[in-house]
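Engineer: have a look at this prediction, sequence included:
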Amino acid sequence: MLFRALAIVLLLTTPVIAQQTDVGFGRGDFDRSAPVEVAADELEVDQATGRAVLTGNVVIAQGDLRLSAQRVIVNYAEGDGDRRIERLNAEGDVLIVAGDDAAQGQSATYVLGTSDILMTGDVVVTQAGSTLAGDRLTVNLTSGAGTVSGRVRTTLQP
């Protein structure tokens, strides 16, 4: 009986390995129409291609969302005669914070029109004191739904 109880405790405290795990991220009430604030050490703009490159201590904020990285490429799209940010491609020590949730990885793509984020490269998601790691995180900020996939790891607390 003691051996069985010990085996159950050991099973519950070992890392979980799976192919995919669904997670919530943010509160699901993200305002994608909020203005985008940007800070960086350097900004290079190419009007011909509709692209901007931010480098060095990049911080981008939109409402409750914060994205920081070493380099971010901002791609614009034309629509109704206006240029609007279409996509952000972040590289190098990427950190995304939405409310109390945070995700770290090596690169991320954020599509503003759909509020979708794809993060790759040693992804670590932290929520309410729990940590979940994997190869890839996909999340929709409007719904708050997300998935961590590719060798998912976490530790369960008894």
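Structural biologist: Received it, and whenever you're ready, just let me know what you need.
Engineer: state the pLDDT value of I117.
Structural biologist: Note on I117: pLDDT of 92.
Engineer: give the buried residues for the helix or strand hosting L137.
Structural biologist: Taking DSSP states H and E as the criterion, L137 maps to strand 130-140. Across strand 130-140, burial judged by 16 or more other CB atoms under 10 Å covers 132-140. In this view, the C-beta of every residue, glycine as well, is placed from N, C-alpha and C.
Engineer: partner strands of it, with direction?
Structural biologist: Strand pairing for strand 130-140, using DSSP bridges, gives strand 116-127 (antiparallel), strand 145-155 (antiparallel).
Engineer: residues in contact with the closest residue to Q106 other than its chain neighbours?
Structural biologist: Of all residues not flanking Q106 in the chain, G121 sits nearest, at 2.8 Å (CB to CB, 6 or more residues apart in numbering). Counting by CB atoms under 8 Å, 6 or more residues apart in numbering, G121 touches 105-107, 135.
Engineer: from L88, how far out is G121?
Structural biologist: 16 Å (CB to CB, to the nearest Å).
Engineer: can you check D80 too?
Structural biologist: The value you get for D80 to L88, if CB to CB is used, is 21 Å.
Engineer: which of those two has more neighbours?
Structural biologist: Neighbour tally, D80 and L88, criterion other CB atoms under 10 Å: the higher count belongs to L88, 24 against 5.
Engineer: secondary structure class for the more buried one?
Structural biologist: Judged by DSSP: H, G, I helix; E, B strand; the rest coil, the three-state class of L88 is strand.
Engineer: how about it, nearest residue that isn't a chain neighbour?
Structural biologist: Counting by CB to CB, 6+ apart, the residue nearest L88 is Y110, at 4.5 Å.
Engineer: what of G146?
Structural biologist: Nearest residue to G146 in three dimensions, chain neighbours excluded: V139, at 3.4 Å (CB to CB, 6+ apart).
Engineer: quick one, what contacts T120?
Structural biologist: Contacts of T120 (CB under 8 Å, 6+ apart): 105-108, 135-137.
Engineer: could you list the low-pLDDT ranges of this protein?
Structural biologist: Along the chain, segments meeting pLDDT under 70 span 1-24, 26-30, 32, 156-158.
Engineer: which parts of it are strands?
Structural biologist: Ranges of strands in the chain, per DSSP state E, are 15-24, 36-39, 42-46, 51-62, 65-79, 82-98, 101-111, 116-127, 130-140, 145-155.
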